[in-house]
Each structure stands twice: as C-alpha cells, then as structure tokens.
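Pasting the sequence and the predicted coordinates here, then a few questions.
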Amino acid sequence: MPDRSEDQEWAARAAAGDESAFRALYRAHVRPVYWIAHGIVGTAEDAEDVTQETFVVAWGKLPTLELVGESILPWLATICRFQAANRLRQRRRDQAHTTDAADETLADTVNVEEQVITAALAARITAEIGTLSDLDQEIFRLCAAEGYAYHVAATELGISHAVVRNRLSRVRTQLRGTVQEVRDA
C-alpha cells in the first residue's frame, strides 16, 4: 500500500495529466475498490464494471481533488459507492422493462449503514497497513494487492519464500483482527 506522500504525489501528477501516476494509483487501490463494489452490487461482472467506472470518474475529478488524510482510498470508495448505486438503479430499470419477474434478491435501497461500515473498514485497514514494517508492507503489496506468487515476491525482495509466506500469514492475521474489531464496533 502506498504511504500518504506517494498517494499525494501520484494524485498531483495524475491531476496534471501524468497517466503513469494514475496507473500507479490504480494498481495501488484497484483491489479494495473492487471488493467495495462487489459488496454492494453482488456480482463479479458488475463489480468489475463499477470498479472501472470508478477510476474513469476519478481520472476526470482528480484536477479538482484536494487530498486530505492518509490515502486516496476513502475518496475512491465514495465514488465507487455512487457508481454501484447507479448500477443497482440501472439494473432495476432494466428489469422493469423486461417480461421477467423482478429479482427478489435485489435490495430496494442501498444500505447507507453498510456503506459507512465499508468505508470505515477500508480506512482502518489502510491505517493498519501503514503500521507495518516496510518489508511487511512490500510483501503485502506484492502478494495481496498485486497478486504476485510467493516465490516471485521473494525473488523481487531478495528474501526466502518461507519469509514471504510467514510474514504474509502474520499480516493477514493482524488484518483479520482489524476487520473483526470494526465489525464488532
């Protein structure tokens, strides 16, 4: 996960039109945005679409963004929730214009409380990742955020496969505890 200065630097450069900086923001935050979207829309296909729409909107709004806080993720999460709500409304409109019965599993409204919990959870996880050692943050970024295999991350970082596996397991346990704390609150 990027630190505050990286997010600020990438956002400023992307706002000035630097596509490589925007790609860096995308790589750093695409997975959390996807999971927020998936939690709202409920399908992988719609979550992928909402995630892409989120970053398209973000690209357009970056020039007016005044980044406050440790990460750009809460801002992206807000855009994501609006895009997901739009997707749900579009789904209901589409269903209303078909001869099929309405999907009874589709919520009538977007649960605002759940959205607040999701945003709080994303912010708490981001903060928790910020407390990790530099090596643990890098292992988490490579393996959890970017999907590297353990042996590839180990080679990239110049450490053993076992170190990557053990440290990532410890980080995941720590993050599960953080998630549980937020859900219990």
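Here it is on my side, so go on. Numbers count the residues shown, from 1 in each chain.

Where does the spatially most central residue of the chain sit, in terms of helix or strand?
In the chain, the residue lying closest to the centroid (CA atoms, centre = their mean) is Pro32, at 1.8 Å. Pro32 is part of helix 19-41 when elements are defined by DSSP states H and E.

Give the other helices and strands that that helix contacts.
helix 4-15, helix 44-61, helix 73-96, helix 112-130 (3 or more CB pairs under 8 Å, 6 or more residues apart in numbering; DSSP states H and E). For the C-beta atoms, the positions are set from N, CA and C on the backbone; glycine is no exception.

Give me the helices and strands touching the helix or strand where Ala162 lies, please.
Element membership of Ala162 [criterion: DSSP H and E] is helix 161-184. Counting contacts by 3+ CB pairs under 8 Å, 6+ apart, helix 161-184 packs against helix 112-130, helix 134-140, helix 150-157.

need the helices and strands packed on helix 19-41 in JSON lines with mean neighbour count, mean pLDDT and distance to Leu142, can you?
Below are these laid out as JSON lines (neighbours: other CB atoms under 10 Å; pLDDT from 0 to 100; distance: least, CB to CB, whole Å):
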{"stretch": "helix 4-15", "mean neighbour count": "18", "mean pLDDT": "80", "distance to Leu142": "15"}
{"stretch": "helix 44-61", "mean neighbour count": "17", "mean pLDDT": "90", "distance to Leu142": "20"}
{"stretch": "helix 73-96", "mean neighbour count": "18", "mean pLDDT": "85", "distance to Leu142": "18"}
{"stretch": "helix 112-130", "mean neighbour count": "16", "mean pLDDT": "71", "distance to Leu142": "13"}
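
Reformat those helices as JSON lines; add distance to Gly147.
Formatted as JSON lines, those follow (distance: least, CB to CB, whole Å):
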{"stretch": "helix 4-15", "distance to Gly147": "20"}
{"stretch": "helix 44-61", "distance to Gly147": "15"}
{"stretch": "helix 73-96", "distance to Gly147": "18"}
{"stretch": "helix 112-130", "distance to Gly147": "16"}
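
Give me the neighbour count for Tyr148.
For Tyr148, the neighbour count with other CB atoms under 10 Å is 18.
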